[in-house]
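Undergrad: quick one, structure for this:
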Amino acid sequence: MALRNILTEGNPSLYKVCRPYGEFNQRLAVLLDDMAETMKKANGVGLAAPQVGIARRCCVVLETNVEDEGEEYIIELVNPEIIAFDGEQEGYEGCLSFPGQYGCVKRPEHVVVRAFDRHGNQFEVEGFGLTARAFCHEIDHLDGHVFVEKCDEILTEEELMALHEEEDGE
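TA: Predicted coordinates:
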């Protein structure tokens, strides 16, 4: 496994619609392993292939909704599509490709995603809360969209921390 460079704001690769995978081979497996390692090292909860310069439809998402004693784990999604969603959540998001920038985004509270695993097996997975948000965020990347397009206002990390301090003080 190897760390990949994460592309940042302004790189045209972040705004391209990605092509689906047709072959489930060792190259895909290596990419998924590298993306998982890169995401963990960067303390992210998701990473899409275009963020590492690959215009293909795959991403990794950290499942954070685990039982008290359970460990978080990575969900690999190849050619993912959201097939159902409901509810609504609004919250601040960041992105590894937009370091230090945060914006309030509305997303579904619950989503169902249909995708393939690294071996070409189709499956469905549900996401709630942060995981649902991450699924939507990463699939947006695969469609050439970034979270800042959905925000009315972008905050720095300091502004976001100050906002949370104000809310905690109320």
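Undergrad: so what touches stretch 84-104?
TA: 6-9, 11, 14, 39, 42, 44, 47, 51, 105-112, 129, 132-133, 137, 146-148, 150-157, 159-160 (Cβ atoms under 8 Å, 6 or more residues apart in numbering). Every C-beta, even on glycine, is put in place using the N, C-alpha and C of the backbone.
Undergrad: out of the residues you listed, which are buried?
TA: Buried members of these, scored by 16 or more other Cβ atoms under 10 Å, are 6-7, 14, 39, 44, 47, 51, 105, 107-108, 110-112, 132-133, 137, 146-148, 150-151, 155, 160.
Undergrad: what's the weakest-modelled helix or strand in the chain?
TA: In the chain, no helix or strand scores lower on mean pLDDT, DSSP states H and E than helix 157-169, which sits at a mean of 77.
Undergrad: elements contacting it?
TA: With contacts defined as 3 or more Cβ pairs under 8 Å, 6 or more residues apart in numbering; DSSP states H and E, helix 157-169 has these neighbours: strand 101-107.
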